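**Student:** structure here, sequence nowhere to be found:
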């Protein structure tokens, strides 16, 4: 291709977005990518093709189908969203009940041993028992995650966020990933680690949606065929939004929060009909989970099991507040922001250490087991150390342990550690004021804080919501006890709630949907304003120092996540500076040989189709034109054309080529190297006009960065063609070209930094 | 201009979107516009300029300001949103308390007279008293609305919806309109008409936002100057979204519903930072309203006055439901949909009658007074007619009337009519089962239903929410009583709530935000699913027969509202068929005379700036090219340039021209006829390159309608330039070109109809 510009076009191993050789001289010194840099983009992530290619075959299909088909497709869509809601909820129930049953068994058993050994002085026995109970499941979970499916690691929220943002995360929405994730999260929580089951639910919902909507599974090697009209990135991403929302709804009992989570992370633009369906899936998911859990717990009619995370019922008095308390909430927000920033920084340093020294799989598993043992040990030591004995009457715990206490008393520190973290959060919110003393809370908060830092990023499946809430609830309750010295009437549970929100806000900074999730989980709109105040404060304070924990991990992976807004004050950066060029192009009637060679040579995913017409100013400046734009063709389309031998010289191939041909292989197309082309076929031609996108989005060469950014983001694009005054192709803009202008807003200032793109990350 | 195409370019009195002479031959037979047609677009509505013009002066300002300025502007934005919340809430409080105090006085007085006259047989006295109490305020309100500010008519929701959709509704957000609206709504509700105060609150919020953010008022002729950087359509619309949300939050105590209302109606694309601020304003608004109302009613700490519309507190038992009840809810949704469709149809016929026969102002006022008297008469007759006597112990009403009842009893029909409609809604929701008998409910439902149909569209300010809720609650409670015969344990209030939601859903079909508003107003997420089911059903059934009441009125006014999605199966409609052409264009260096003449001749609001370069194919087909595209300049910019004499030959004018010059006159620019240009100046030239938008959004001539639609909608555009293969201007697409493809979905089928554009409507 492009014989006249044979100067080094930079080729990467992976693809699409590497049109950058002009700006980034990293190709020569690739090996210098510093580990742990936040200012590198990885070249390996590709974008989803959200845009609908309205070519001849598309119009053909549309013409044949008629309005009837539109209505039918819509009905099927609603049905799919219904099932997304139901199945996501069922997975939530499976996770919840498995954890409950196993954890009950474990804690009950440990309690018995402790009670027995406390008298016999053989406390090493329950300790060993606890260790075994924790290490075995964590070992299983960690091995599965590390060796079989590393994408199931962690909470899954950042990955789903990236997917909704329009980035292809390999293997994220496969059924296999879901299995590993479900087992992983059960083992982690049962293993007593500082992890939650809420984040993974969101990931689970996303997989369910992708699976159901496509009607086929690579893992099972099955293909139902009914739903083939939904086999395109556009439709799939819409379903995944619904799945993520259903996941949030099931995890937190928060259908509206679910909708807003999906909108916030995924919405390019507001799609009314889609939003309705997302809302519907969320509602169904909440309802199903609630019905099943209520029935299981023996109250079939009552519907009181809202979501996996259950804050319990606050009474109206507990959540009323006075104006005078708002400054205290504000101060707690600041504290949460500071603690969150420290959290993110320490975890960032730890992650760098991991990237440097814990590369091999067995080391990762070992670390998981180590952290698991230490968590158990810390808990056990604290139980022994702290003598926070309370009379048994106050007891809201399931497994009261008498450890170090007199008869008729129980050790409240032990009861905090001998329950799943959700239950601890509820204890902090609702236990009577005198049931937990200051030292217990302080020890718990400090140890949980650091253990959570260490746990996040381990090679296990677990979310960060619950441990953050537990830490925050602990120190929030501490502050509540302090406030009680001045105003004896306040409820400490309310302060625990504010503390939990502040801590979570400081770590994840999750904005609008988080606020609504917490409001819905609390079940009281009255308390929305205080929650919002402390979440906003925590976010602002945290942002002053670091990025959010999710963003740090996304940046460490070099994922090109699009920001909400274009960088400020960047309207003097023009398309010519942003774009990649020269561009690999095809003529509207191109030879098979040329296509094969180009696809082998470059890894780009979109190629402008041009006419060989050049205007007088086509050579002006650096930006040589590649001919006049006719359209844009995707790599995947070319692969399908080659594979099916849709050549002008093979008339029979034309009979059956339709959109179905293109859907067949979605989403995993063959590699160009796997396609056999006979030598005799190399001189055959392909008519690209029939298949290309005849009106791709273009910008003029003097369009500004904000303008390109907004167009790209609002329309969910993968490629924007840059043309000169005569509509001749001079460059192409892809996700990486835009995401490399990163805005930083730290310590009160703001600025733009240009990232590097690396193929090595 | 454009000497080569002097065939009749169609000119309208108003402007912008009338590039249609090619497709619509209506200009010759304008007078044939049938009254009451739903398939006509009015030419008089213009779009907002949501797009930022990134010209030289803009970049100049940006360069001078720096990041500091970005941060400062952001802080000011937050402050403005804070005040939007507070002031909107204060207006809500004023409306609420005024109505409460005056209505109390009125009902108390009437009750006294009835009680006295019941014995003395002089019931004509309280009747006359009631008439006077009703007619006087309605007369005042109606005269204000009819003669002084007709845009204050009705609920304001459809108008705000249009504004957020991007349409300039003249005088909608002026302070004068707010005053009339506030007085109008107070008088209407006090006058006992079937109208609510909630819709107007949303309008009030929008005005407050527009007023505060601009820092100047045309009504008061004041200009603060501080906030001049927000004086552009882009910023103003963002603030207005916040205001509308704050209005919803204040009206229904529903901050999340407010956010979703604004997003649903206004969001072109998701703007994270803006959404936060909208949410903040909503929260502040709810909080302020609640604090003030709670303090006024003597419970300063409790915060129990959620919004103007208060559903009251449902107990947990009342809202629990069984699976078996879902079909009943579904059936009620169907009923609501049918009643809603009938409602819309009757109101539509009535509106056509009004458009034909009630054109003069005095007739409108007379009709309002007539409806007001009839409402009072119907109420009074029903009180006399129905002997629904209940013992005084059950009494949840403020003004129990003994009319026709024994001592120690009260007339429950009278108590329904002698209170504001909100209180009736609460009665239906919460009154004990035996307090209202079947006949009372039936009479009330029927009379309220028809009175509401008659009231909506009268020349008074009033919303439709409350009367719909009251009607629906009445028949819902009826159904509840029926259900009680089978399941004696159910709560009739729950059925009243479902009935209210179904009726409202059938009439306004307001989708996601409505669901969330009702959930928040109910204060119980458990009940979200039934509400959603009946709202969705009502919407679907209603849509089967008619458009929503708002949409009918919008269509009757011919307002070019953009739909959510492009018409289905329209990708074989191309830009060349959609666009208007030929186009009035300017050269990049244009003479003053030419500019003045063109502006006088045409009413367009955007003019492509072109170079006189034509390619070989510029004359191909019908679509003659107008030269190669350089940029786009707005009428308002040209007016400012002419007014300030920014001519190349007047160097002094160049010294001070900056963005401030353009902001000075926003939003009301002079008319071209008002600008004096000396004959000697006609040969001067203007350098348009400096001021035009150098990279307007363009589409190729073969772009499809869905593609253009999505671009237009997602980016909130006003003009899209259509170019040929050589980037030469061949046409322009504006809002009307896109909105005239209207989708209808009635009776199970779907189709697209092409509307006509009329300058007469």
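**Tutor:** Yes, it's here. Owing to the predicted nature of the structure, the values given are computational and were not obtained by experimental measurement.

**Student:** pLDDT at the residue in chain A sticking out farthest from the centre, what is it?
**Tutor:** What lies farthest from the middle of chain A is residue A:120; by C-alpha atoms, centre = their mean that is 49.6 Å. The model reports residue A:120 with a pLDDT of 79.

**Student:** same check, this time on residue A:9
**Tutor:** 31.

**Student:** cool, and residue A:303?
**Tutor:** 62.

**Student:** and what of residue A:13?
**Tutor:** So, for residue A:13, pLDDT stands at 30.

**Student:** so how far is residue A:98 from residue A:290?
**Tutor:** Note on residue A:290: its distance to residue A:98, by C-beta to C-beta, to the nearest Å, is 18 Å. For the C-beta atoms, the positions are set from N, CA and C on the backbone; glycine is no exception.

**Student:** before we move on, what about residue A:585?
**Tutor:** 55 Å.

**Student:** how about residue A:714?
**Tutor:** With C-beta to C-beta as the criterion, residue A:714 and residue A:98 are 42 Å apart.

**Student:** can you name the residue of the stretch 401-550 of chain A nearest to chain B?
**Tutor:** Chain B sits closest to residue A:529 of the stretch 401-550 of chain A, with a gap of 4.9 Å, by C-beta to the nearest C-beta.

**Student:** neighbours of that residue, how many?
**Tutor:** 22 (other C-beta atoms under 10 Å in any protein chain shown).

**Student:** mind listing what it touches?
**Tutor:** B:283-284, B:286-287 (C-beta atoms under 8 Å, 6 or more residues apart in numbering or on different chains).

**Student:** kindly report the same for residue A:476.
**Tutor:** A:332, A:428, A:495-500, A:502-503.

**Student:** one more: residue A:366?
**Tutor:** Taking C-beta under 8 Å, 6+ apart as the definition, residue A:366 has no contacts.

**Student:** which regions of the stretch 551-700 of chain A sit below the pLDDT cut-off?
**Tutor:** A:616-623 (pLDDT under 70).

**Student:** flag every residue of it that's near chain B.
**Tutor:** Applying C-beta under 8 Å from any C-beta of the partner chain, we find that the stretch 551-700 of chain A lies next to chain B at A:564-565, A:568-569, A:571-572, A:575, A:611, A:615, A:628-630, A:694-695, A:697-700.

**Student:** what subset of the residues you listed is buried?
**Tutor:** A:568-569, A:571, A:575, A:615, A:628-630, A:694-695, A:697-700 (16 or more other C-beta atoms under 10 Å in any protein chain shown).

**Student:** the closest residue in space to residue A:659 that isn't next to it in sequence: which element?
**Tutor:** The shortest distance from residue A:659 to any non-neighbouring residue, by C-beta to C-beta, 6 or more residues apart in numbering or on different chains, is to residue A:61 (4.8 Å). Assigned by DSSP states H and E, residue A:61 falls within helix A:56-120.

**Student:** next SSE downstream of that helix?
**Tutor:** Following helix A:56-120 toward the C-terminus (DSSP H and E): helix A:124-143.

**Student:** and that next one, how far out from the chain middle?
**Tutor:** Averaging C-alpha positions (C-alpha atoms, centre = their mean, to the nearest Å) puts helix A:124-143 29 Å from its chain's average.

**Student:** between that helix and helix A:56-120, how many degrees?
**Tutor:** 170 degrees (axes from the mean of the first three to the mean of the last three C-alpha atoms, to 10 degrees).

**Student:** helices or strands up against helix A:124-143?
**Tutor:** helix A:56-120, helix A:175-190, helix A:361-385 (3 or more C-beta pairs under 8 Å, 6 or more residues apart in numbering or on different chains; DSSP states H and E).

**Student:** just name the most buried of the ones you listed.
**Tutor:** helix A:175-190 (a mean of 24; mean count of other C-beta atoms under 10 Å in any protein chain shown).

**Student:** packing partners of that helix?
**Tutor:** helix A:56-120, helix A:124-143, helix A:198-214.

**Student:** average pLDDT across that helix?
**Tutor:** 92.

**Student:** for stretch A:194-201, same thing?
**Tutor:** Model confidence over stretch A:194-201, given as mean pLDDT, is 88.

**Student:** endpoints of that stretch, how far apart?
**Tutor:** 16 Å (C-alpha to C-alpha, to the nearest Å).

**Student:** hmm, back to that, ok, now how distant is the residue farthest from the centre of chain A from chain B?
**Tutor:** Distance of residue A:120 to chain B, given as C-beta to the nearest C-beta, to the nearest Å: 48 Å.

**Student:** ditto for residue A:199
**Tutor:** Distance from residue A:199 to chain B, by C-beta to the nearest C-beta: 21 Å.

**Student:** could you do residue A:658 as well?
**Tutor:** Residue A:658 is 15 Å from chain B, by C-beta to the nearest C-beta.

**Student:** wait, that residue touches residue A:56, no?
**Tutor:** No - using C-beta atoms under 8 Å, residue A:658 makes no contact with residue A:56, being 10.2 Å away.

**Student:** can you pull up the bridge partners for residue A:719?
**Tutor:** residue A:734 (DSSP bridges).

**Student:** sorry, back to before: which strands and helices lie in contact with the helix holding residue A:61?
**Tutor:** On a contact count with 3+ C-beta pairs under 8 Å, 6+ apart, helix A:56-120 meets helix A:124-143, helix A:175-190, helix A:198-214, helix A:233-252, helix A:272-296, helix A:659-664.

**Student:** what residues does the last one touch?
**Tutor:** Taking C-beta under 8 Å, 6+ apart as the criterion, the residues outside helix A:659-664 that touch it are A:57-58, A:60-61, A:228-229, A:231-232, A:636-637, A:640, A:644, A:646.

**Student:** over to the second one?
**Tutor:** Identification of contacts with helix A:175-190 by C-beta under 8 Å, 6+ apart yields A:91, A:94-95, A:98-99, A:102-103, A:106, A:137-138, A:140-142, A:144-145, A:148-149, A:151-152, A:156, A:171, A:195-197, A:200, A:203-204, A:207-208, A:211, A:217-220, A:420-421, A:460-463.

**Student:** just the buried ones from those residues, in PyMOL syntax?
**Tutor:** Buried members of those, identified by 16+ other C-beta under 10 Å, are gathered into one PyMOL selection as follows:
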select buried, chain A and resi 91+95+98+99+102+103+106+137+138+140+141+142+144+145+149+151+152+156+195+196+197+200+203+204+207+208+211+217+420+421+460+461+462+463
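
**Student:** buried ones in the helix or strand where residue A:596 lies?
**Tutor:** Element membership for residue A:596, per DSSP H and E: helix A:592-601. Under the neighbour-count criterion of 16+ other C-beta under 10 Å, helix A:592-601 has A:592, A:594-596, A:598-599 buried.

**Student:** cool, and stretch A:354-362?
**Tutor:** A:354, A:358.

**Student:** with stretch A:450-468 instead?
**Tutor:** A:451-468.

**Student:** likewise for stretch A:334-345?
**Tutor:** A:334-344.

**Student:** contact partners for the residue nearest to residue A:131 when sequence neighbours are not counted?
**Tutor:** Sequence neighbours aside, residue A:376 is the residue nearest to residue A:131 in space, at 5.4 Å (criterion: C-beta to C-beta, 6+ apart). Residue A:376 sits next to A:127, A:130-131, A:134, A:192 when contact means C-beta under 8 Å, 6+ apart.

**Student:** what do you get if the cut-off is 7 Å, keeping everything else the same?
**Tutor:** Taking C-beta atoms under 7 Å, 6 or more residues apart in numbering or on different chains as the criterion, residue A:376 is in contact with A:130-131, A:134, A:192.

**Student:** kindly report the same for residue A:666.
**Tutor:** Contacts of residue A:666 (C-beta under 7 Å, 6+ apart): A:231-232.

**Student:** same thing but at 6 Å, please
**Tutor:** Applying C-beta atoms under 6 Å, 6 or more residues apart in numbering or on different chains to residue A:666 gives the contacts residue A:231.

**Student:** on that earlier part again, got a pLDDT number for the residue of the stretch 401-550 of chain A closest to chain B?
**Tutor:** Here the pLDDT value assigned to residue A:529 is 79.

**Student:** now do residue A:307
**Tutor:** 66.
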